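**Student:** quick check, what structure comes out for this input:
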Amino acid sequence: QAIDDDCNQTGQLLAAMLDWPQGTFASRVQLEDGAVRVEREVDGGLETLRLRLPAVLTADLRLNEPRYATLPNIMKAKKKPLEVIPGAELGVSGGSARLKVLQVQEPPARAGGEKVENVTELVEKLRHCGRI
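**Tutor:** A predicted model of the protein is given here:
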């Protein structure tokens, strides 16, 4: 699920920037020789696309059955060692960091709510604090 408000922009923008073919809302994916066959649902039924690789694909809910981690497995995973491999060992040129964290701070604590007896009192409190 994308963080673009489910507007289906992320995959399409990425494909446009890379100038790669795209298959959106893929419900079935099959790799072929130098290509990928994507089946997707459209208003009129199913549409099948054959895209040359590399390509950008976005997934539909029916593409995979999610597996949910159980509590015992989550606890086991916390104890597993995490291997960190430098990018240079993988052949990735690193260069300098593009972002630098200047500051991290907690948001201000929220004030507690107040009960009011009637609408007139509510409107008066809202006026007093500058909300209306």
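
**Student:** roughly how far out does stretch 60-80 sit from the chain middle?
**Tutor:** 17 Å (C-alpha atoms, centre = their mean, to the nearest Å).

**Student:** and Ala77, what does it touch?
**Tutor:** Residues near Ala77 by C-beta atoms under 8 Å, 6 or more residues apart in numbering: Ala69. C-beta: built from backbone N, CA, C; applies to glycine.

**Student:** quickly find the element holding it.
**Tutor:** helix 71-79 (DSSP states H and E).

**Student:** same deal with Phe25?
**Tutor:** Counting by DSSP H and E, Phe25 is part of strand 22-32.

**Student:** go on, Thr58?
**Tutor:** Element membership of Thr58, judged by DSSP H and E, is strand 56-59.

**Student:** in its sheet, what does that strand sit against?
**Tutor:** Paired with strand 56-59 in the same sheet, following DSSP bridges, are strand 22-32 (parallel).

**Student:** before we move on, the earlier item: show me what the strand holding Thr58 is in contact with.
**Tutor:** The contact list for strand 56-59 (C-beta under 8 Å, 6+ apart) reads 2, 8, 10-12, 14-15, 18, 20-26, 29, 36, 38.
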